[in-house]
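# no sequence for this one, just the structure:
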């Protein structure tokens, strides 16, 4: 198992860096190109959800955990961002793009969205 952690400003201008990092980690986790493309879109959506609509001077921590089974990506946003609602269009998109998605909020008010993309079985 390999774990990588990246911290970026909670600013939409940094989503490209997170998306590129996700693609690189997914390639190392042996996900196929379709899964990598889906994951990049999911990271875009999750990043927007954890930073919220307000301008924040805090950071987003992204943890990539690669294993034989696939890749888990956890994005933890700044304090005070509201938890995502699971009945929204954004959540439906996330659910369609990755194998599993969940969210949690800690006592400090930080929201974490965790997504898992499972590697395809080798033929």
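Sure thing, it's come through. A quick note: this is a predicted structure, and the numbers were derived from the prediction, not measured.
# all helices for this structure, in order.
Along the chain, counting by DSSP state H, helices occupy 15-28, 33-51, 89-97.
# if you compare those helices, which one is most tucked away?
Stretch with highest mean neighbour count among those: helix 33-51 (a mean of 20; mean count of other Cβ atoms under 10 Å). Any C-beta I mention is one placed from the backbone N, CA and C, and that applies to glycine too.
# Can you pull out the residues in contact with that one?
Applying Cβ atoms under 8 Å, 6 or more residues apart in numbering, the external contacts of helix 33-51 come out as 10-12, 15, 18-19, 22-23, 26-27, 31, 60, 71, 73, 75-78, 81, 84, 90, 93-94, 97-98, 101, 111-113, 115, 117, 119-120.
# rewinding a little: okay if I get the helices of the chain as TSV plus distance to residue 2 and mean pLDDT?
Output for the helices of the chain, formatted as TSV (distance: least, Cβ to Cβ, whole Å; pLDDT from 0 to 100):
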stretch	distance to residue 2	mean pLDDT
helix 15-28	7	94
helix 33-51	16	94
helix 89-97	22	92
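# does the residue nearest to residue 112 when sequence neighbours are not counted have beta-bridge partners, and which?
In space, and not counting its chain neighbours, residue 112 is closest to residue 76: 4.4 Å by Cβ to Cβ, 6 or more residues apart in numbering. The partner list for residue 76 in beta bridges (DSSP bridges) reads residue 61, residue 112.
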